[in-house]
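what would the 3D arrangement of this be:
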Amino acid sequence: MQFDLVSMWRSMSPLAKGVGFILIFLSIISLYMFIERMLSYSRAKKQSKAIAPKLADLLKNGQMKESLALCSKKEYKGSHLARVTAAGIAALLEGKEANLNFADQIETAQRGCDRAASIFNQELRKGLAILATIATSSPFIGLFGTISGIINAFRGMALTGSGGIGAVASGIAEALITTAFGIGVAIIALWFYNILNSRVEIYDAEMANTSSQVVDFFIRRQQAK
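The predicted structure is shown next:
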């Protein structure tokens, strides 16, 4: 038996090949989810940077409705800053219309910001559970191929009536390939998950900071009257 990838693939059992196809499919999903999430995070960062100075100017001038209209524009739909700020402003305006006292208005605005941040957090984490599942399950999927390889090794021994390395080499190679492939897919998926999860934590901190700044702005504006 030649120990190049093509020869080893041809000698693999149908079960081991099936495991290989599954792992290839999972690696493609991992790469797709990573690229898609990174593009989404980049869009959120870009849109937030674009709206921040405009929003700051409007809020300084006390233009609450104009600020809300700006945050609601389609071009800023993916901005976490716009979503949290818009929710806070909308909640405050609704509190005013309901004739709530100022303390209750502030509390309502804070809850609005928190709800928006929570919803956006779920959007940011879209697909991360899939990556985590791939990272934890891929080694076990590879074990199916390992079992198949061991079975082939014993089959080779039975057919040849020999326990020499030549009789079991094919099966052992098959077992090692699927095991290594499963671990490799798991490592890549885990790296992707950790990278994306760290980005989500950064955006969570930014949304918490934005929420605090928005509420503080409402308080300072009321005290300045």
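
need the contact partners of stretch 27-44.
Under the contact criterion CB atoms under 8 Å, 6 or more residues apart in numbering, stretch 27-44 has outside partners 78-80, 124, 126-128, 130-131, 134, 185, 188-189, 192, 195-196, 199, 203. No exception for glycine: its C-beta is placed from N, CA and C like everyone else's.

could you redo the last one with a cut-off of 6 Å?
78-80, 127, 130-131, 134, 185, 188-189, 192, 196, 199 (CB atoms under 6 Å, 6 or more residues apart in numbering).

and what of stretch 117-136?
For stretch 117-136, contacts defined as CB under 6 Å, 6+ apart pick out 26, 30, 33, 37, 80, 83-84, 186, 189-190, 192-193, 196, 200, 203-204, 207.

now the end-to-end length of it.
29 Å (CA to CA, to the nearest Å).

before we move on, back to that, widest-spaced pair of the contacts of stretch 27-44?
Based on CB to CB, the longest span within the contacts of stretch 27-44 runs between S79 and V185 and measures 34.0 Å.

now do the longest helix seen in the chain: which elements does it pack against?
As assigned by DSSP state H, the longest helix anywhere in the chain is helix 165-224. Judged by 3 or more CB pairs under 6 Å, 6 or more residues apart in numbering; DSSP states H and E, helix 165-224 is in contact with helix 14-60, helix 80-97, helix 102-124, helix 128-160.

at 10 Å instead, please
Here helix 165-224 touches helix 5-11, helix 14-60, helix 64-71, helix 80-97, helix 102-124, helix 128-160, going by 3 or more CB pairs under 10 Å, 6 or more residues apart in numbering; DSSP states H and E.

buried stuff in the fourth one?
Right, helix 80-97. By neighbour count on 16 or more other CB atoms under 10 Å, the buried set for helix 80-97 is 80-93, 95.

just the angle between that helix and helix 64-71, please?
Relative orientation of helix 80-97 and helix 64-71, computed by axes from the mean of the first three to the mean of the last three CA atoms, to 10 degrees: 150 degrees.
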